[in-house]
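Colleague: sequence plus the predicted model coming up.
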Amino acid sequence: MAENERMYISYNNIHKLCQGVAKHILVRNERPDIIIAITGGGMIPARIIRSFLKNKGQKNIPIQAIGLSLYENLGLDNSVETIGKEVIRTQWLDFGALNQHFDSLIGKKVLIVDEVDDTRTTLHYAVSELEKEIAEQQRILNRMNEDTIFSIFVLHNKNKPKRAALPDSMMNSGRYIAAQTVPDKWLCYPWDAEDIDEHTVLAKAQGND
Ligand SMILES: O=P(O)(O)OC[C@H]1O[C@H](OP(=O)(O)OP(=O)(O)O)[C@H](O)[C@@H]1O
């Protein structure tokens, strides 16, 4: 792949993008009660933004991880049109010792974090599965009157046709936050770099520092 088709992103740049988005969230008075990182790419941005969202004197916002991986569906059972990417759930919510405060996500402000929105398949899956689960719990616990508010934070939204959609209510209310909307290039994140010094120089040269 030609070098100009790659976009290099430094840790510094990611740190600053997280800081900017946190500021935006706080100005809107939308500090989340819980952060859900989509592994693996959402983990570092989730951890960074948590520090910027923290209120002095308050507890850290809990981070939960959900494991979602895209895999190639070869469409062996169906027609060729079904060939595409499917989401595999490798890990899900576990409130563990948080249980006293987090028996569920019902009524909470939830910030879902990932590094990139490419075809939107993963984010669509995350939101729709979480919504389904909450609706089921609300029914069981008879807590139908509580609103759960989802927001999304990604470092990069690729400007391209998407394979899946997110709820209009989220898109139209500023609760889908991409720190940057970028062309459909190969995004080189620092955690994949073999030579982080060279990577950082390349990111700087592209202004991504
Ligand atoms: O918008 P989409 O087309 O769904 O693509 C975005 C997803 O793809 C990558 O995950 P991947 O499945 O490669 O797993 P990883 O984060 O563990 O690398 C990335 O971390 C996003 O979660």
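Modeller: Okay, I see it.

Colleague: who in this structure is up against the ligand?
Modeller: Residues of the chain lying near the ligand by C-beta under 6 Å from any ligand atom: 38-41, 69-70, 114-122. Any C-beta I mention is one placed from the backbone N, CA and C, and that applies to glycine too.

Colleague: could you redo the last one with a cut-off of 5 Å?
Modeller: Within the chain, the positions near the ligand by C-beta under 5 Å from any ligand atom are 40-41, 69-70, 114, 118-122.

Colleague: buried ones from the residues you listed, can you make that a ChimeraX selection?
Modeller: In ChimeraX, a selection of the buried entries from these looks like this (16 or more other C-beta atoms under 10 Å):
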select :41,114,118,119,120,121,122
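
Colleague: lowest-confidence one in the residues of the chain next to the ligand?
Modeller: Scanning the residues of the chain next to the ligand for pLDDT, the low point is L70. It has 86.

Colleague: circling back to that earlier point, among the residues of the chain next to the ligand, which ones are in strands?
Modeller: If you go by DSSP state E, the residues of the chain next to the ligand have 69-70, 114 in strands.

Colleague: in TSV: those residues, plus distance to P161.
Modeller: Output for those, formatted as TSV (distance: C-beta to C-beta, whole Å):
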residue	distance to P161
S69	22
L70	17
D114	19
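
Colleague: could you pull out the strands for this structure?
Modeller: Using DSSP E, strands in the chain cover 6-8, 34-39, 63-73, 84-91, 109-117, 149-158, 176-182, 186-188.

Colleague: reformat the ones you listed as CSV; add distance to D168.
Modeller: Output for the strands of the chain, formatted as CSV (distance: least, C-beta to C-beta, whole Å):
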stretch, distance to D168
strand 6-8, 29
strand 34-39, 21
strand 63-73, 22
strand 84-91, 21
strand 109-117, 16
strand 149-158, 13
strand 176-182, 10
strand 186-188, 27
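
Colleague: tally up the residues packed near I177, please.
Modeller: Close neighbours of I177, defined as other C-beta atoms under 10 Å, add up to 20.

Colleague: state the pLDDT value of it.
Modeller: Here the pLDDT value assigned to I177 is 98.

Colleague: buried ones in stretch 40-57?
Modeller: In stretch 40-57, counting by 16+ other C-beta under 10 Å, buried: 41-46, 48-50, 53.

Colleague: and the helix or strand of the chain at the bottom of the mean pLDDT ranking, which strands flank it?
Modeller: Least confident helix or strand, the chain: strand 84-91 with a mean of 86, by mean pLDDT, DSSP states H and E. Looking at strand 84-91 with DSSP bridges, its partner strands are strand 63-73 (antiparallel).

Colleague: buried set for the lengthiest helix in the chain?
Modeller: When the chain is parsed with DSSP state H, its longest helix is helix 121-141. For helix 121-141, burial by neighbour count (16+ other C-beta under 10 Å) applies to 121-127, 130, 134, 138.

Colleague: quick one: which two of those are the most distant?
Modeller: T121 and Q138 (26.1 Å; C-beta to C-beta).

Colleague: in the protein, where is pLDDT below threshold?
Modeller: Residue ranges of the chain with pLDDT under 70: 1-3, 73-84, 100.

Colleague: try 80
Modeller: In the predicted model, the chain carries pLDDT under 80 at residues 1-4, 72-85, 97-103.
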